[in-house]
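# Below: sequence and its predicted model.
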Amino acid sequence: MMNHSSSQSQLQQQEHKMSPTSKHYMVLLLITYFSLFVGSVSSTLLSKFYFIHKGSSIWVSTWVQSVGFPLLLLLIYLPHHLFKCTRRRPFTSFTPKLLLLSVFIGLMLGLNNFLFSWGTSYLPVSTASLLLSSQLAFNLILSIIIVKQKITFSNFNCVILLTLSSILLALSSNHDRPKDLTHAKYFIGFFSTIGAGLLFALYLPVMEMIYKKVYCYEMVIEMQLVMEMAATALATIGMAAGHGFSEMKKESEMVFDLGPKAYWLTLVFNMVTWQFAFMGTAGLVFLTTSLTGGICMTALMAANVLGGVLAYGDKLGGGKVVSTLLCVWGFCSYVYGMYVKMKEEEKNNNQSIQLPEQQMV
């Protein structure tokens with residue numbers, strides 16, 4: 001009986017394995033990229049929108065980043081129970097060890113969400129987005145240590161360029177802060193944003209290491225559900241301790257300058273967009289590597305900068321223009337390196353297939 005269960009589990013694992021050159025893999029990768037792009041840009045702009053219109057609770061901003069986790073239940077249960085497109089039952093092979101790891105990482109994610117909200121509440125969108133690129137160098141180092149990431153010219157060149165972009169911003173962003181923002185609050189926002197970036201840099205390679213024991217995309221979504229439940233629990237404790245729930249109604253009716261309806265719509269849309277961002281990040285790490293995930297998120301910095309300028313009138317000085325160009329240059333070099341590597345792997349695979357055929361002839 002145990003042998004039958006084991007063989008069935010192995011059969012499911014083989015069914016869910018994807019080749020990096022298959023069409024199914026490429027479609028899933030494109031959907032993941034799109035989810036990350038939409039989620040990252042829109043969630044950042046909506047978070048700033050909340051604070052611009054006199055929303056003031058850092059815990060509320062933290063809470064909405066993960067409280068939308070019930071939406072993931074649709075992705076977990078509908079494919080099996082309604083669409084019948086997979087034979088795998090939800091949470092199959094989800095071990096107690098995997099559960100504990102998901103809870104621990106979820107708590108780490110909750111702390112990261114808090115630091116991000118703290119930084120966003122004080123800094124312009126463009127400045128906060130560019131500062132988050134400081135995580136890349138740390139991400140590269142941790143990826144080498146934790147998951148044995150190989151250093152190539154393309155990824156090293158990309159990390160250097162994006163880190164230089166962040167340093168350039170730090171040197172030129174002193175004139176970018178709003179007039180009513182004190183030096184103390186500016187530096188709190190500055191360093192909390194960097195802290196969020198560094199913590200996220202640790203999160204990515206740790207997740208890649210865990211995903212090596214995960215054999216399908218469905219398990220990634222299930223882990224994400226547990227992580228966000230843990231992050232929501234942490235944010236809920238903070239909300240309760242800071243009287244956040246009682247203040248939400250007051251804030252919507254008396255503080256938010258666009259009225260209650262706009263207040264609740266802002267929070268709801270922010271919940272949804274954060275789910276896109278987190279699932280895009282998790283999917284990208286699972287399908288590629290943690291370093292690729294970090295680079296893609298940092299590359300979206302250019303879109304966030306442009307969004308901050310267009311939506312909120314953030315100043316686009318020469319420093320930000322050069323920083324954005326360095327960002328695009330670094331990302332393009334990395335994508336080209338990935339393309340060359342994929343072509344080489346495809347060529348090697350074709351040669352390995354042709355060799356046995358020639359021997360048979």
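Sure thing, it's come through.
# which phi and psi does residue 149 have?
Backbone torsions of residue 149, given as degrees, to the nearest 10, read phi -60, psi 130.
# ok, it - contacts?
By Cβ atoms under 8 Å, 6 or more residues apart in numbering, residue 149 lies in contact with 140, 143, 155, 205, 289, 290, 291. (C-beta placed from N, C-alpha, C; glycine too.)
# Isn't the third one up against residue 337?
Yep, that's residue 155 we're talking about. Yes. Between residue 155 and residue 337 there is a contact under Cβ atoms under 8 Å: 6.8 Å.
# which one of the two has more residues nearby?
residue 155 (23 against 17; other Cβ atoms under 10 Å).
# What separation do you get for that one and residue 329?
Using Cβ to Cβ, to the nearest Å, we find residue 155 at a distance of 14 Å from residue 329.
# shouldn't residue 247 be in contact with residue 59?
No. Residue 247 lies out of contact with residue 59 (Cβ under 8 Å); the separation is 9.2 Å.
# out of the two, which sits in the busier spot?
Shown here are residue 247 and residue 59; by other Cβ under 10 Å, residue 59 has more neighbours (23 against 16).
# For the more buried one, give me its contacts.
The contact partners of residue 59, taken as Cβ under 8 Å, 6+ apart, are 114, 117, 235, 238, 239, 242, 244.
# now swap in residue 290 and tell me
Neighbour list for residue 290: 139, 143, 147, 149, 204, 205, 207, 208 [criterion: Cβ under 8 Å, 6+ apart].
# let's go with 10 Å and repeat that
139-140, 142-143, 146-147, 149, 201-209, 211, 281, 284 (Cβ atoms under 10 Å, 6 or more residues apart in numbering).
# Please apply the same query to residue 274.
Going by Cβ under 10 Å, 6+ apart, residue 274 touches 39-40, 42-44, 46-47, 64-69, 71, 113, 228.
# Among the residues you listed, name the buried ones.
Buried members of the contacts of residue 274, scored by 16 or more other Cβ atoms under 10 Å, are 39-40, 42-44, 46-47, 64-69, 113, 228.
# Widest-spaced pair of those?
The span of those, defined through Cβ to Cβ, is set by 44 and 69 at 19.5 Å.
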